[in-house]
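Undergrad: Sequence isn't available, so here's the structure alone:
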């Protein structure tokens, strides 16, 4: 699997289980991916959310994408970089319209953007469940 295939898979399966760490306790939640392109994987959350606070304290993160029909899982491990881009925040709100009332009330500064520009991808399927893991840089 090459970088363009990884990004295509993410665009087709945008829900990601996002794992962060708080102290020595792992934290996982599901977030929607805003964009997966040549710049990396971009997602958003509220600035006051635990996930934003955790990523600021420790930017190491893992995202897990699943396609149940293909019975295929893709994990991305990397370092999240926080972005300060008002235009990109506006695009997030346009794409995820459920955010509009909240942003109208709180303003765009309430939205935190993170990007994983590169990292390590690991694929898994029950077809190869007991084979050595296939990992590669993306």
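TA: Ah, there it is. Computed from a predicted structure; not experimentally measured.
Undergrad: low-confidence ranges in the chain?
TA: For the chain, no stretch is flagged by pLDDT under 70.
Undergrad: which residue ranges form the strands in it?
TA: Secondary structure of the chain by DSSP state E: the strands cover 15-22, 25-37, 40-46, 60-67, 72-79, 81-83, 111-116, 119-124, 134-137.
Undergrad: I'd like these written out as JSON lines, with distance to residue 90 and mean neighbour count added.
TA: In this view, the C-beta of every residue, glycine as well, is placed from N, C-alpha and C. Shown next, in JSON lines, are the strands of the chain (distance: least, C-beta to C-beta, whole Å; neighbours: other C-beta atoms under 10 Å):
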{"stretch": "strand 15-22", "distance to residue 90": "22", "mean neighbour count": "18"}
{"stretch": "strand 25-37", "distance to residue 90": "12", "mean neighbour count": "15"}
{"stretch": "strand 40-46", "distance to residue 90": "11", "mean neighbour count": "22"}
{"stretch": "strand 60-67", "distance to residue 90": "24", "mean neighbour count": "19"}
{"stretch": "strand 72-79", "distance to residue 90": "25", "mean neighbour count": "19"}
{"stretch": "strand 81-83", "distance to residue 90": "13", "mean neighbour count": "14"}
{"stretch": "strand 111-116", "distance to residue 90": "9", "mean neighbour count": "22"}
{"stretch": "strand 119-124", "distance to residue 90": "26", "mean neighbour count": "18"}
{"stretch": "strand 134-137", "distance to residue 90": "32", "mean neighbour count": "11"}
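Undergrad: any chance of the ones you listed in TSV, plus distance to residue 6?
TA: Putting those into TSV (distance: least, C-beta to C-beta, whole Å) gives the following:
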stretch	distance to residue 6
strand 15-22	12
strand 25-37	8
strand 40-46	9
strand 60-67	9
strand 72-79	7
strand 81-83	18
strand 111-116	11
strand 119-124	5
strand 134-137	9
